[in-house]
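>>> prediction below, plus the sequence it came from.
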Amino acid sequence: MHTSYSSCSPINKFVHYVTVENDLEKAEKLSLIFGLNLQQLLEACGDLMISKGSFHSGIILYKQAKVHLLKRVLKLAISADCRTLLKFVHLCLSASRVDMSMATKIHIGNLAVMAYTELILRHGGHARMSNTKDFMNFLRYEEFYDQILAVNVACQAGHWNIVTLLAKCRERQSPET
């Protein structure tokens with residue numbers, strides 16, 4: 001009879017408690033007993049949940065692991081679909097109680113610009129029109145993104161209606177001479 005000792009390792013047990021049994025209390029006790037890095041393991045469990053498509057659970061684990069908000073967004077950007085990323089970005093940018101630096105807000109907004117562009121390029125027909133409308137609303141009402149990046153990305157993608165909107169927004173923002 002062959003016994004696999006790796007499945008009984010403290011780290012594997014920790015991952016099992018967190019991702020299968022959803023028992024953080026047992027996982028924390030195990031990390032204390034064996035001197036495991038709780039934050040590092042919670043982040044790894046978050047990565048595992050994201051890779052399985054359990055985006056909400058992964059993001060919660062990242063928060064419990066005290067992962068910086070921008071890193072959470074980037075991890076989601078790597079593994080998630082654009083719609084999931086955009087939902088999280090909108091949540092981050094609209095939540096008044098989330099304390100973020102201006103640079104972090106702009107980085108997150110720039111990811112939204114890229115995600116919207118990807119959605120528009122990937123889908124046609126009604127989905128394309130809906131995604132374009134959502135993107136235009138984002139550009140019109142969100143202040144945290146790099147406008148030059150948005151123009152460059154829209155030009156490269158051939159989204160001339162987006163370029164026109166950005167030019168009009170810029171025209172309204174510039175002081176009269």
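Nice, I can see it.
>>> which SSE is immediately downstream of whatever helix or strand L149 lives in?
Taking DSSP states H and E as the definition, one finds L149 inside helix 147-157. Under the assignment DSSP H and E, the closest C-terminal helix or strand after helix 147-157 is helix 160-173.
>>> packing partners of that next one?
Where contact means 3 or more CB pairs under 8 Å, 6 or more residues apart in numbering; DSSP states H and E, helix 160-173 is packed against helix 125-141, helix 147-157. Glycine gets a C-beta too; all of them are placed from N, C-alpha and C.
>>> will you turn these into JSON lines that also has mean neighbour count?
Shown next, in JSON lines, are the helices and strands packed on helix 160-173 (neighbours: other CB atoms under 10 Å):
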{"stretch": "helix 125-141", "mean neighbour count": "14"}
{"stretch": "helix 147-157", "mean neighbour count": "16"}
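>>> in JSON lines, list the ones you listed along with mean pLDDT.
Listed next are these as JSON lines, based on pLDDT from 0 to 100:
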{"stretch": "helix 125-141", "mean pLDDT": "89"}
{"stretch": "helix 147-157", "mean pLDDT": "91"}
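>>> dump the ones you listed to CSV, plus distance to M114.
Formatted as CSV, these follow (distance: least, CB to CB, whole Å):
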stretch, distance to M114
helix 125-141, 11
helix 147-157, 7
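>>> and of those, who's closest to A167?
Checking the helices and strands packed on helix 160-173 against A167 by CB to CB gives helix 147-157 as the closest, at 8.0 Å.
>>> look up how far C8 lies from the residue lying closest to Y17 once chain neighbours are set aside.
Spatially, and ignoring its direct neighbours in sequence, Y17 is nearest to A27 (4.0 Å; CB to CB, 6 or more residues apart in numbering). Distance, A27 to C8, using CB to CB, to the nearest Å: 15 Å.
>>> OK, contacts around H159?
117, 120, 132 (CB atoms under 8 Å, 6 or more residues apart in numbering).
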